[in-house]
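J.: dropping a prediction and its sequence here:
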Amino acid sequence: MTASKVVALKDINKTYGKAGQKQYQALKGISFDVEPGEFVGIMGASGSGKTTLLNILSTLDTPTSGSVDINGTDVTKLKGDKLADFRAKEIGFIFQDFNLLESLTARENIALPLALQNVSTKKIQPAVEKIAASLGISAILDSYPSEISGGQKQRVAAARALVHEPAILFGDEPTGALDSQSARELLETMKRLNDEDDVSILLVTHDPFSASYAKRILFIKDGVIGKELLRGDMPREQFYGQILDELGTFQK
Ligand SMILES: Nc1ncnc2c1ncn2[C@@H]1O[C@H](COP(=O)(O)OP(=O)(O)O)[C@@H](O)[C@H]1O
Ligand SMILES: [Mg+2]
């Protein structure tokens, strides 16, 4: 029934700490869906539960209760190799700090998800070159991470996250370590991938400018989703203003 959704979260709770010890409930009954081709932003102040939520969505962590359907599979029911397999096929992830392997070239970093799935070398190279061209990094494919800028590193990370054509791209503050120009370029690229290639994106951020690229924003506070903003036909600049207004009333 939920197979048409790329993400279906139902009543997610997350409590850190063992019973009898000091516990903290970071997520309190979170439910929402993401449709294929959507670009959703999750906004909230530091400590509101954004990373906890994203770690659960991307199967890096498990909820204390609730279900997490990604592309019609309840990932909370998957274990071990099956979970690793599912993650490798269906999920793309970009982090604030790029997480590139310094000893590998950009090309090798991007190829990694395919190599880990035992895709043949013959198929890997064209896939890497195609996504690299789409992200504007064809010229730096043979450079090492230490030889390229932060903006380029994040494009390499984005290429690595997308090369296996996952069901959804998750980002945890992916522009957090970038200068404003590189941040803008990355966001414009994500917008194009979403508009033209129907890449489903879920971006977690505390930055209203980044969030203004989403078509829908969920506001999380103390582990609860309190409010939703829809962009509709509004220009991004105007949506940005609306987000600022919302933050003014929401975060106090
Ligand atoms: N491993 C952990 N153990 C205990 N508490 C944690 C852990 N990770 C996060 N928390 C707490 O859960 C809350 C939400 O954290 P987090 O999801 O990182 O928020 P955000 O990403 O929005 O800043 C915070 O109060 C944080 O201190
Ligand atoms: Mg965080």
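T.: Perfect, thanks for sending it. Ligands and ions are numbered 1, 2, ... in the order given.

J.: show me the contacts for the residue in the stretch 51-200 of the chain positioned nearest to ligand 2.
T.: The nearest approach of the stretch 51-200 of the chain to ligand 2 comes at residue 51, 3.2 Å away (Cβ to the ion). All C-beta spots, glycine's among them, are computed from the backbone N, C-alpha and C. Applying Cβ atoms under 8 Å, 6 or more residues apart in numbering, we find residue 51 in contact with 172, 204.

J.: if I've got this straight, it is in a strand?
T.: No - going by DSSP: H, G, I helix; E, B strand; the rest coil, the assignment for residue 51 is helix, not a strand.

J.: could you list the low-pLDDT ranges of the chain?
T.: Filtered on pLDDT under 70, the chain yields the residue ranges 1-3, 250-252.

J.: quick one: name the residues of the stretch 1-150 of the chain near ligand 2.
T.: Proximity of the stretch 1-150 of the chain to ligand 2, by Cβ under 5 Å from the ion, involves residues 50-51.

J.: so how far is residue 33 from residue 8?
T.: Relative to residue 33, residue 8 is positioned 5 Å away (Cβ to Cβ, to the nearest Å).

J.: scratch that, residue 185 is what I was asking about
T.: 30 Å.

J.: get me the contact residues on this protein for ligand 1.
T.: The chain has residues 16, 24, 26, 44, 46-52 near ligand 1, with proximity defined as Cβ under 6 Å from any ligand atom.

J.: from the residues you listed, which two are the most distant?
T.: 16 and 44 (16.8 Å; Cβ to Cβ).

J.: those two: which is more packed in?
T.: Per other Cβ atoms under 10 Å, whichever of residue 16 and residue 44 has more neighbours is residue 44, with 24 against 14.

J.: kind regards, and thank you for your time.
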